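Chemist: sharing a sequence plus its predicted fold:
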Amino acid sequence: MNNPVLFEEKQVRRVWNEAAQKWYFAIVDVVGVLTDSVNPGAYWRKLKERLKKEGNETVTNCHAFKMTAADGKQRLTDVADAEQLLRLIQSVPSPKAEPFKRWLAKVGYERLQEIENPERAARRMREIYRQKGYSEAWIEKRMRGIAVRDELTDEWKKRGVKEQVEYSILTAEISKATFGMTPTEYRDFKALSHTGDNLRDHMTDLELIFTMLGEASTTEIARNTDAEGFPENRKAARAGGKVAGNARKELEKKSGRKISTRTNYKELPENRRRMERSSGEES
């Protein structure tokens, strides 16, 4: 289960390993937090090489898991558990070392609470979005979108679709049929180039709604046609996306306004943009 968390407004990706019953954190994200480097990937590669020469087991025993990158694709990423990170921090001079250690202990404890009560995870995610400046109306749609997405991927898994690569292809098919753009093209459209930028976190309410419609329609079609394997589910993805795409075009025709916008929330929080948009419409 992938579940990013925030340390001082910066995202740290992590994945829960059921077998080991522990979190694994993306090392490049941790390096970015500790160093404020403009290129934490390059920093980590140099540090990794130095530690290898020194025979540091923190690196030699390091795992690599697939995690969601900025472009929405799953990529192999060096990860470390809390114990490994504590040793790694000693090799990265940083005034944030001590605060980060306290934070690391806290998020580990939160996970144990979330296992016992999954609602805690949802509440924490809502709070993260509030801190980032999103409105309650937007957060509600984003959370619902996550649930719709989880239902779709669960359905794909049951129907023999292979995770990661095939999931990405099917997602691109839905997006293309819904918006006329793949997720990669959509990111370019919105000028999202930063590693931590998640496309859906920069969507407007209507963009989120049509994303949900495309994915929910795909789930329904896959079930009703009993789609099995990648080729059949690809047909279902195109059909589900087309349902949302036709609805989008109809709304655009009636409203006279495009659904897909270049709006993003990199500089101005969503709730501020919402207020400015409302003020503009009133005037």
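Modeler: Yep, it's here.

Chemist: go through the helix or strand hosting Pro231 and flag the buried ones.
Modeler: For Pro231, the host element (DSSP states H and E) is helix 229-255. Of the residues in helix 229-255, 230, 232-234, 236-245, 247-248, 251 count as buried by neighbour count, 16 or more other C-beta atoms under 10 Å. All C-beta spots, glycine's among them, are computed from the backbone N, C-alpha and C.

Chemist: chain center to the helix or strand harbouring Ser175, what's the gap?
Modeler: Taking DSSP H and E as the criterion, Ser175 maps to helix 165-179. What separates the centre of helix 165-179 from the centre of its chain is 16 Å, taken as C-alpha atoms, centre = their mean, to the nearest Å.

Chemist: got the angle between it and helix 229-255?
Modeler: Comparing the axes of helix 165-179 and helix 229-255 via axes from the mean of the first three to the mean of the last three C-alpha atoms, to 10 degrees yields an angle of 20 degrees.

Chemist: between the two ends of stretch 61-81, what distance do you get?
Modeler: Stretch 61-81 has an end-to-end distance of 11 Å (criterion: C-alpha to C-alpha, to the nearest Å).

Chemist: please identify the buried residues of that stretch?
Modeler: Neighbour count says stretch 61-81 has 62-63, 65-68, 70-74, 77-81 buried, by 16+ other C-beta under 10 Å.

Chemist: likewise stretch 260-273?
Modeler: The neighbour-count check on stretch 260-273 (16+ other C-beta under 10 Å) flags Ser260, Asn264, Tyr265, Glu270, Asn271, Arg273 as buried.

Chemist: what does the residue most central in space within the chain show for phi and psi?
Modeler: Centroid check for the chain by C-alpha atoms, centre = their mean gives Asn198 as the closest residue, at 5.3 Å. Backbone torsions for Asn198, taken as degrees, to the nearest 10, come to phi -100, psi 120.

Chemist: got it, and Gly160?
Modeler: Recorded main-chain torsions at Gly160 are phi 80, psi 20, according to degrees, to the nearest 10.

Chemist: what's the spacing between it and Asn233?
Modeler: Applying C-beta to C-beta, to the nearest Å, the value for Gly160 to Asn233 is 8 Å.

Chemist: Ile139 touches Arg130, doesn't it?
Modeler: Yes - using C-beta atoms under 8 Å, Ile139 is in contact with Arg130, at 6.9 Å.

Chemist: who has more neighbours, those two?
Modeler: Ile139 (19 against 13; other C-beta atoms under 10 Å).

Chemist: check which helix or strand covers that one.
Modeler: In the assignment (DSSP H and E), Ile139 maps to helix 136-158.
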